[in-house]
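J.: Predicted structure and sequence below. I'll ask about it afterward.
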Amino acid sequence: MIPSGAPIATAAQMRAAEEAVFASGVSQDELMERAGAAVAREVARFAVGRPILILAGPGNNGGDAYVAARLLHAEGHDVILVATGAPAPGAAERMQALWQGPTSSLYAARPRPVLVDGLFGTGMTRPLDRGLAAVFADLVKQAEFVLSIDLPSGIDTDSGADLGAPRGIDVTLALGALKPGHLLDCGLERCGRVLLADIGIPVETGRRSVARPQIETPGVHSHKYSRGLVAVIEGAMPGAARLAAQAAMAGGAGYVVLAGDRPWSGGPDALVRREVRSAEDLTEFLGWDRIDAVVLGPGLGRDRRAEAYLRAAFAVPKPLVLDGDALTLLGGDAAAWLETRAAPTWLTPHSGEFDRMFAGQGSKIETTLAAAAATRATIVHKGADTVIASPKGAVRVLAGASPWLSTAGTGDVLAGLLAAQVVQEGKGVAPAEAAVWLHARAAQLAGPALIADALLMHIPQAVSECL
Ligand SMILES: NC(=O)C1=CN([C@@H]2O[C@H](COP(=O)(O)OP(=O)(O)OC[C@H]3O[C@@H](n4cnc5c(N)ncnc54)[C@H](O)[C@@H]3O)[C@@H](O)[C@H]2O)[C@H](O)CC1
Ligand SMILES: [K+]
């Protein structure tokens, strides 16, 4: 569980935000008191009177832990504190000096029902020491409830990479903002439920977790064209395009045309079919001024005709959603293909497709931002952690969607949902954020063992929650 619509800040961005607060006259001690009080509130809530063991590391994460220990102890909770090292000079050192309760050394610490992890937070720079990691993992394993302060110790703040964090943390209390480590890679798996504590640090990075979209109910003057016409291009495997077309319909497009040459008696009668047998046919069809967005790629195939279709789609200045085989055809030349595009483009790669298209170092957020800048397209980099990035640097992340989405066809559904939002929402991350939220919510409603076709049936309910 991740708070929605919450700001996301890297360790450096967090430090800059903290510095701005200090410059405004708030002391580090005051900020640490606020952080520790937020920790104490949540621990008291979950401890329900059980004995508490608090681990305090050598930095300010440990400083937060000292404050929390003192406040919990003052409220009558049974707290034992373990200091793993001499605290950093300054606020943490002062907070340690205020601790009057019982202490234990790390290796003598006996497991207790409630464990608070104040070892490391955004200052984590290298893997946990093996000895410490082993003791920490054992204390986590034997606890009934574990809360990590700011981040699980052993998770890289900016990438979510594993630096030795144990499994079994129940709650992570993020301080001031989410970090990429709460949303990406191993961090998503190790944080448990992520709660966010506002401790008075304004954070504006243009990056935030996906929020539920606000969708307009059609007005009295709405009609099928005003609600947007989506053209979905069929290819070698027509089922994929059909899923995308039906998703576009369910996602709110006013008129959807499925263009292809395969006979199909199934599907909704409301889905308009247009015969297209060649790239020339496609060019002629895409010239229809009523078309507001085009979806190309689901089941397209990778043969010469598929490439000719890709060229035809690129040649018309219409908003374009590229998925699946279209991304494979772009390959490493996506930036070159896209540099002449006059209309907005969205690419929806899963990680395999992304890695084949874009080289690059860094977190999934950084590599997706770089790809968006290089292609001037908005990238929806799918996965258990879906990262949306626009060429202008906006980022939205949705983490923790249903793992049952890992089945064929769900990407086709997302592509159709995205096109439906494009014809209603416009450009950049907004339509992608809306589509990703609807897709994840439909999956939640569909429950376990879903298939892509089942997703379609739950889209209207997901949409109804956004009206
Ligand atoms: N975000 C906020 O509003 C506030 C955050 N606070 C807390 O401060 C920590 C960050 O504190 P910092 O001192 O920068 O780093 P850590 O406490 O995470 O780490 C301490 C120290 O440890 C060293 N180190 C790094 N990796 C290792 C390792 N694997 N083994 C041993 N030592 C390691 C490194 O030198 C670090 O500096 C943040 O998470 C919040 O909890 C403020 O207290 C309140 C406001
Ligand atoms: K921690």
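T.: Looks like it arrived, so ask away. On a predicted model such as this, the values are computed, not experimentally measured, just so you know. Numbers count the residues shown, from 1 in each chain. Ligands and ions are numbered 1, 2, ... in the order given.
J.: The helix of greatest length in the chain near ligand 2 anywhere?
T.: What stands out as the longest helix in the chain, according to DSSP state H, is helix 28-47. No - Helix 28-47 stays clear of ligand 2 (C-beta under 5 Å from the ion), getting no nearer than 9.8 Å. Every C-beta, even on glycine, is put in place using the N, C-alpha and C of the backbone.
J.: wouldn't residue 395 be in contact with residue 365 here?
T.: Yes - the pair residue 395 and residue 365 passes the contact test of C-beta atoms under 8 Å, sitting 5.7 Å apart.
J.: Can you list the buried residues in the longest helix of the chain?
T.: 28, 31-40, 42-44, 46-47 (16 or more other C-beta atoms under 10 Å).
J.: That helix packs against which elements?
T.: Counting contacts by 3 or more C-beta pairs under 8 Å, 6 or more residues apart in numbering; DSSP states H and E, helix 28-47 is packed against helix 11-23, helix 60-74, helix 91-97, strand 114-118, strand 145-149, strand 171-175, strand 193-197.
J.: which residues touch it?
T.: With C-beta atoms under 8 Å, 6 or more residues apart in numbering as the test, helix 28-47 has contacts from 18, 21-22, 52, 60, 63-68, 70-72, 75, 77, 90-92, 94-95, 113-114, 116, 118, 145, 147, 149-150, 170-171, 173, 175, 195, 197, 199-201.
J.: ok, then the element right after that helix?
T.: strand 52-56 (DSSP states H and E).
J.: tell me how far stretch 47-58 is from the chain's mean position?
T.: Distance of stretch 47-58 from its chain centroid, counting by C-alpha atoms, centre = their mean, to the nearest Å, is 30 Å.
J.: does ligand 1 sit close to that stretch?
T.: Yes - against ligand 1, stretch 47-58 shows contacts by C-beta under 6 Å from any ligand atom at 57-58.
J.: which parts of that stretch are buried?
T.: Neighbour counts over stretch 47-58 (16+ other C-beta under 10 Å) mark 47, 52-58 as buried.
J.: biggest separation within those, which pair?
T.: Largest separation among the buried residues of stretch 47-58 by C-beta to C-beta: 47 and 58, giving 24.9 Å.
J.: quick revisit: residue 395 and residue 365 - which one has more neighbours?
T.: Comparing residue 395 with residue 365 by neighbour count (other C-beta atoms under 10 Å), the higher total belongs to residue 365, at 24 against 21.
J.: Could you say which helix or strand holds that one?
T.: helix 364-375.
J.: Give me the helices and strands touching the helix or strand following that helix, please.
T.: Moving toward the C-terminus from helix 364-375, the next helix or strand (DSSP H and E) is strand 378-381. Applying 3+ C-beta pairs under 8 Å, 6+ apart, one finds that strand 378-381 contacts strand 345-347, helix 351-357, helix 364-375, strand 385-389, helix 429-446.
J.: between these, which gets nearest to ligand 2?
T.: Closest to ligand 2 of those is strand 385-389 (C-beta to the ion; 20.1 Å).
J.: List buried members of the contacts of helix 28-47 by neighbour count.
T.: With burial judged by 16+ other C-beta under 10 Å, the buried subset of the contacts of helix 28-47 is 18, 21, 52, 60, 63-68, 70-72, 77, 91-92, 95, 113-114, 116, 118, 145, 147, 149-150, 170-171, 173, 175, 195, 197, 199, 201.
J.: now do the same end-to-end measure for stretch 122-140.
T.: Across its full length, stretch 122-140 reaches 20 Å between end residues, using C-alpha to C-alpha, to the nearest Å.
J.: which outside residues touch it?
T.: Outside stretch 122-140, the residues that reach it (C-beta under 8 Å, 6+ apart) are 11, 14-15, 53, 55, 59-61, 84, 106-107, 109, 111, 115, 117, 119-120, 146, 150-151, 153-157, 163-169, 179.
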